[in-house]
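Colleague: I need the structure of the sequence given here:
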Amino acid sequence: VYHYPTTYRCVACNTCTKSCPQDIDVMGYVQAVLRDDIAEAANLSFDCVMCGLCATRCPAEIPQFLVGILARRLYGAHLSPKAAHTRKRVSEIEASKFDEEINSIMKSDLNTLKKLYEKRKIEE
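Modeller: Numbering: from 1, shown residues only. Presented below is the predicted three-dimensional model:
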């Protein structure tokens with residue numbers, strides 16, 4: 001169970017959502033946490049910039065923005081699908097595939113680094 005302890009104090013007054021300048025469904029993600037729906041809480045709180053207005057207006061004194069951070073971190077660490085390309089790259093790094101290139105770059109002078117930077121391939 002991933003409950004943020006203070007979420008139990010929620011009285012469902014919706015003051016948090018009404019005070020959010022981004023129109024985020026704050027009460028919705030707090031209620032999702034209470035239902036153990038971490039994925040939904042992470043999704044609903046995704047755009048939160050942690051301004052704290054929801055918490056300052058909450059009569060139950062719940063730090064909703066921290067609940068959202070916890071939901072997003074739990075989702076990312078335990079629930080989100082792992083990207084195959086990331087696992088492949090980690091394996092390549094562990095196998096020292098890039099050591100020679102990194103060492104060469106580390107020994108380069110500033111002008112060489114600038115040229116490499118200007119010639120870099122930029123993804124679309």
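
Colleague: and the residue nearest to the spatial centre of the chain, what does it touch?
Modeller: Nearest to the mean C-alpha position of the chain, by C-alpha atoms, centre = their mean, lies Arg72 at 5.2 Å. When contacts are counted by C-beta atoms under 8 Å, 6 or more residues apart in numbering, Arg72 touches 42, 45-46. All C-beta atoms are positioned from the backbone trio N, CA, C, and that covers glycine.

Colleague: Distance of it relative to Ile24?
Modeller: According to C-beta to C-beta, to the nearest Å, Arg72 and Ile24 sit 13 Å apart.

Colleague: between those two, what contacts are shared?
Modeller: By C-beta under 8 Å, 6+ apart, the residues touching both Arg72 and Ile24 are Ser45.

Colleague: what's the burial count for the closest residue to Ser108 other than its chain neighbours?
Modeller: Spatial nearest neighbour of Ser108, excluding adjacent residues (C-beta to C-beta, 6 or more residues apart in numbering): Leu116 at 7.3 Å. Leu116 has 12 neighbours, counted by other C-beta atoms under 10 Å.

Colleague: quick one: Leu116 and Ile105 touch, right?
Modeller: Yes: the pair Leu116 / Ile105 is scored as a contact, 7.2 Å apart, by C-beta atoms under 8 Å.

Colleague: all strands of this structure, in order?
Modeller: In chain order, the chain shows no strands, with DSSP state E as the criterion.

Colleague: give me the low-pLDDT residue ranges for it?
Modeller: For the chain, the stretches flagged by pLDDT under 70 are 1-3.

Colleague: For it, which segments count as helices?
Modeller: For the chain, applying DSSP state H gives helices covering 15-19, 26-34, 38-44, 53-57, 64-74, 84-94, 99-107, 110-119.
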